[in-house]
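please work out how this folds:
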Amino acid sequence: MSAGPKRVVITGASSGIGAATAVAFAEAGARLVLAARGAEGLEDIAARCRTAGGGEVSIRTVDVTDAEAVARLASDAVNILGGIDVWFSNVGVGVLGRYSDVPIADHRRVIESNLLSHMYEAHAVLPVFLAQTHGTWINMISVGGFVATPQAAAYSASKFGLRGFSEALRGEVSQHPRIHICDVFPTFVDTPAIGHAANYTGVKLRMPPGSLPPEKVARAVVRLADHPRNTTAVGAPAIALKLSQFLLPNLMPAVMNGFLDRWSAKTEKAPDTDGTLYDPPAEARGVEGGSRHPQRRREAAVGAGLVVGLAAAAGAVVLWRRRR
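Purely as a prediction, here's the structure:
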């Protein structure tokens, strides 16, 4: 790493996890280049960063589905910062609904935003890292990279794809010990993203019980800048979900599909919308989504226990069969 403050680029920095991470890095004294589509959201988070750390913060309005724009972002960041120590590839969008009910253009947009944009970012920054002989690329995936999510097929495809992409890149840089490819797999996080999602379910979307605060994920990302590791799961159920996917790969999607059907039947109705897939939010949305409260956290603890129990039971069955 370079001497002095870390030089950090964050995409998807105008709200949610990206915004929380920007503030956390600012508190640690990093120099920042923040990018997103929404200028108002970027200005808001940049002001919070300056208040938190008082350091250098630059912003760029960028649609990361444009490969040329991403390349310009990397070039600008090098010119501003003198190099790049950490690049946090954080953009993510979603569309909810039965696969055949969702316009194919919306599925395509999710793949462009969640998979291709991360590939564009890695393609832009890896030459910088190789020239410097160091750098850390942090890839925001989600536990959805291990467990498929019914009624979010394009999202699942993008996240499974991201996991494979990172693994391939790690192989390519394996002979460069100071270049790191780090993946982050949080469970549900209370961000404004649920309000941004395209929705063809016919009902109002809300976060499930026990969603994580974005700041918890941000702390994990900041730690990776100093202590890189290949895989970081954030949230108590994540390890259990990975284990259950390995042991019983088709069970969790089936369980989740049944849950979504029951949930939809008793949830407030809502019209179809493409959310912010194609246009940024009209105003700053901040860090949190506002869905967390004590009762939901208690419900989440019960849910996490059930997931852990399911994974443990699956493991026990596998071990029993092997012994026989």
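
mind listing the strands for the stretch 101-250 of the chain?
Assigned by DSSP state E, counting those that start in this stretch, the strands in the stretch 101-250 of the chain fall at 135-140, 179-186, 198-199, 231-234.

what are the boundaries of the helices in the protein?
Secondary structure of the chain (DSSP state H): helices at 16-27, 39-53, 67-81, 104-111, 117-132, 153-172, 193-196, 214-226, 237-247, 251-265, 294-323.

packing partners for the second one?
Read that as helix 39-53. helix 16-27, strand 31-36, strand 57-61 (3 or more CB pairs under 8 Å, 6 or more residues apart in numbering; DSSP states H and E). Any C-beta I mention is one placed from the backbone N, CA and C, and that applies to glycine too.

and it, how far from the chain's centre?
Relative to its chain's centre, helix 39-53 lies at 20 Å (CA atoms, centre = their mean, to the nearest Å).

alpha carbons only: can I get it in CSV?
Output of helix 39-53 as CSV, limited to C-alpha atoms (Å, rounded to 0.1, in the frame of the first residue of the first chain):
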residue,chain,number,x,y,z
ALA,A,39,-25.7,13.8,-8.3
GLU,A,40,-27.8,14.9,-5.3
GLY,A,41,-27.1,11.7,-3.4
LEU,A,42,-23.4,12.0,-4.1
GLU,A,43,-23.3,15.6,-2.9
ASP,A,44,-25.1,14.6,0.3
ILE,A,45,-22.7,11.7,1.1
ALA,A,46,-19.6,13.7,0.1
ALA,A,47,-20.7,16.4,2.7
ARG,A,48,-21.1,13.7,5.3
CYS,A,49,-17.7,12.3,4.5
ARG,A,50,-16.1,15.8,4.8
THR,A,51,-17.8,16.2,8.2
ALA,A,52,-16.7,12.8,9.4
GLY,A,53,-13.1,12.9,8.3
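
what angle separates it from helix 16-27?
For helix 39-53 against helix 16-27, the angle by axes from the mean of the first three to the mean of the last three CA atoms, to 10 degrees is 30 degrees.

can you offset everything so residue one is 545?
Yes, from this point I'll number from 545; that puts the last item at helix 583-597.

contacts for helix 583-597 next, please.
The contact list for helix 583-597 (CB atoms under 8 Å, 6 or more residues apart in numbering) reads 557-559, 562-563, 566-567, 569-574, 576, 578-580, 599, 601, 603, 605, 824-830.

next, the angle from that helix to strand 601-605.
Helix 583-597 runs at 170 degrees relative to strand 601-605, counting by the same axes, to 10 degrees.

buried stuff in helix 583-597?
G585, L586, D588, I589, A590, R592, C593, A596, G597 (16 or more other CB atoms under 10 Å).

looking at this protein, which helix or strand does the model trust least?
Lowest on mean pLDDT, DSSP states H and E among the helices and strands of the chain sits helix 838-867, with a mean of 42.

residues contacting G705?
So G705 contacts I655, L659 (CB under 8 Å, 6+ apart).

picking that back up, which of the strands of the stretch 645-794 of the chain is buried the deepest?
Of all those, strand 679-684 has the most neighbours on average by mean count of other CB atoms under 10 Å, namely a mean of 25.

name the helices or strands packed onto that one?
strand 630-633, helix 661-676, helix 697-716, strand 723-730, helix 758-770.

distance of the nearest residue to D818 once chain neighbours are set aside from H667?
Nearest residue to D818 in three dimensions, chain neighbours excluded: A742, at 4.6 Å (CB to CB, 6 or more residues apart in numbering). Per CB to CB, to the nearest Å, A742 is found 27 Å from H667.

repeat that for G708.
Remark: distance between G708 and H667 (CB to CB) = 16 Å.

may I ask you to confirm that R575 is in contact with V552?
Yes. Judged on CB atoms under 8 Å, R575 makes contact with V552 at a distance of 7.0 Å.

more neighbours: those two, which one.
V552 (27 against 21; other CB atoms under 10 Å).

for the more buried one, give its distance to R722.
V552 sits at a distance of 16 Å from R722 (criterion: CB to CB).

that older thread, can you tell which of the helices and strands packed on strand 679-684 is closest to D620?
Closest approach to D620 among the helices and strands packed on strand 679-684 is made by helix 661-676 (10.6 Å; CB to CB).
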